[in-house]
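Q: task: produce atomic coordinates for the following.
(2 chains)
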Amino acid sequence: MIGLVRRDLTLALRAGGGAGLALVFFLTFVTLTALGVGPRADVLAPVAPGILWLGAVLACLLSLDRLFALDAEDGTLDLLLTAPLPAEGTAAAKAAAHWLTTGAPLTVAAPVLAPLLFLPGPAVPWLVASLALGTPALSMIGTFGAALTVGLKRGSLLLSLLVLPLCIPTLVFGADVVRRAAAGLDPSTPLALLGAVTLAALAGLPFAAAAALRINLR
Amino acid sequence: MSLWEYANPRKFMALSGRVLPWAWGLAAALCGVGLVWGFFFTPEDFRMGHSVKIIYLHVPSAFLAINAWFMMLVASLIWLIRRHHVSALAARAAAPVGLVMTVVALATGAIWGKPMWGTYWEWDPRLTAFLILALFYLGYIALWSAVESPDGAADLTAILCLVGTVFAVVSRYAAQFWNQGLHQGASLSLDAEENISDVFWQPLVLTMAGFVALFVALVLVRTRTELRRRRLQALTVQAQAA
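A: All right, here's what the predicted structure looks like:
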């Protein structure tokens, strides 16, 4: 399983763009938002928590359609499923590799991007905490969606249609953490709920994703 | 004699063929009586005036929008556990009906909301939850039509239905957490102290029962159509092979 994570990471890093792409997308998204909404702090600051979280969700979505597709095309996925590692482990490893190339860099980069949207200083640590807690759930949900659509020829639009509604609880709680912190309120309640959603997703979805993989490669 | 006998398509067709006219009749009778009673023979609400009458469309459709999803959940579970094709097809047949009910509930709610709340749309938790429910229905239907192998599609959508149920419920509470709304609390619960007046309640129960009968009839028709389509496909393949 660790070998699989390492392999996926290496592939993502060597193939160019894997990890960096999500970051660049995040930066572009933030820039475009500022350009679209207007440069004034009193307009940008109230929407900054939501925009940053939306950017994280969309950046996670970006690389999902390649998560299993490349391995399915060249037959690697069939081998992985016949390997001693259970399919649940494969799904979890894929999700972990996806998180390490999207969620983790975003979490690290978020404090640098937050001032671009005039997010108040005290909210920045909470932004990092909420992203660190919430993005694993996004990767896991995305892996499930990718497993559902792996056999489809034109799956990527369908993939977003399936994955985005599942991201709603994470987005609501995650953005609320930052919003409350920005307003000077206590953000620990939504943070706890965010953690609960993530833990539940990590506990349950590998099984669903594995079942979907087995069906798709039957 | 057990319920599972009707998992046999032939038995299901025979039974559903006999039940169907009754379901249609019951739906027409209950909806007709309930709607006419509700629209013409109930007093106007002292605050809402005659706009209260849209409740006879709004509440039953909202009730079914949620329960259609639960029916799909049960049918998906039966398919995953016992592999009865009729069950998978019934889940597939219920999805568009549920989606239409969701849209009807949202539309009548918007029409009712404009004179009462002064707005067609508000990010109220229940409205948000219904919008999310509509998205889940759309995703479910899209996945059904995207997967080519019939059994694979049934399996994948069944898994999506299970996962989607959990997330839909969580989203509903997330929406409640996220924004306080305009809707009143529960006013139809059997154990609540303060419910709506019996004058409105009695025709409402009739229309709700009528909508349930309508739902049963529509799902039966759609399931029968789907079974016949499968049969036709099998026959075509046989004829080509021969």
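
Q: chain A against chain B: which residues are in contact?
A: Residues of chain A lying close to chain B (CB under 8 Å from any CB of the partner chain) are A:144, A:148-149, A:151-152, A:154-155, A:158, A:161-162, A:164-166, A:168-169, A:172-173, A:176, A:190, A:193, A:197, A:200, A:204-205, A:208, A:211-212, A:215-216, A:218. Using the backbone N, CA and C atoms, a C-beta is placed for each residue, glycine as well.

Q: and the buried ones among those residues, selectable in ChimeraX?
A: To isolate the buried members of the residues of chain A next to chain B in ChimeraX, using 16 or more other CB atoms under 10 Å in any protein chain shown:
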select /A:144,148,149,151,152,155,158,161,162,164,165,166,168,169,172,173,176,190,193,197,200,205,208,211,212,215,216
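
Q: show me the residues of chain A next to chain B that map onto helices.
A: Using DSSP state H, the subset of these located in helices is A:144, A:148, A:155, A:158, A:161-162, A:164-166, A:168-169, A:172-173, A:176, A:190, A:193, A:197, A:200, A:204-205, A:208, A:211-212, A:215-216.

Q: and the strands in chain B, which stretches?
A: Ranges of strands in chain B, per DSSP state E: none exist.

Q: the helices in chain A, which residues?
A: Using DSSP H, helices in chain A cover A:2-14, A:18-37, A:41-62, A:69-73, A:76-82, A:87-101, A:103-113, A:124-148, A:155-166, A:168-182, A:188-216.

Q: comparing those helices, which yields the minimum mean pLDDT?
A: The minimum mean pLDDT among the helices of chain A belongs to helix A:2-14 (a mean of 70).

Q: could you check how many residues crowd around A:R66?
A: Using other CB atoms under 10 Å in any protein chain shown, A:R66 is surrounded by 15 other residues.

Q: how about the helices of chain A, which one is nearest B:Y6?
A: Among the helices of chain A, helix A:188-216 comes nearest to B:Y6, with 25.6 Å by CB to CB.

Q: name the helices or strands packed onto the closest one?
A: helix A:76-82, helix A:87-101, helix A:124-148, helix A:168-182, helix B:150-178 (3 or more CB pairs under 8 Å, 6 or more residues apart in numbering or on different chains; DSSP states H and E).

Q: what packs against the fourth one?
A: Okay, so that is helix A:168-182. Packed against helix A:168-182 by the contact rule (3+ CB pairs under 8 Å, 6+ apart) you find helix A:41-62, helix A:124-148, helix A:188-216, helix B:150-178.

Q: that one to helix A:124-148, inter-axis angle?
A: Angle of helix A:168-182 versus helix A:124-148, following axes from the mean of the first three to the mean of the last three CA atoms, to 10 degrees, is 170 degrees.

Q: what of the longest one?
A: Inter-element angle recorded for helix B:150-178 and helix A:124-148: 160 degrees (by the same axes, to 10 degrees).
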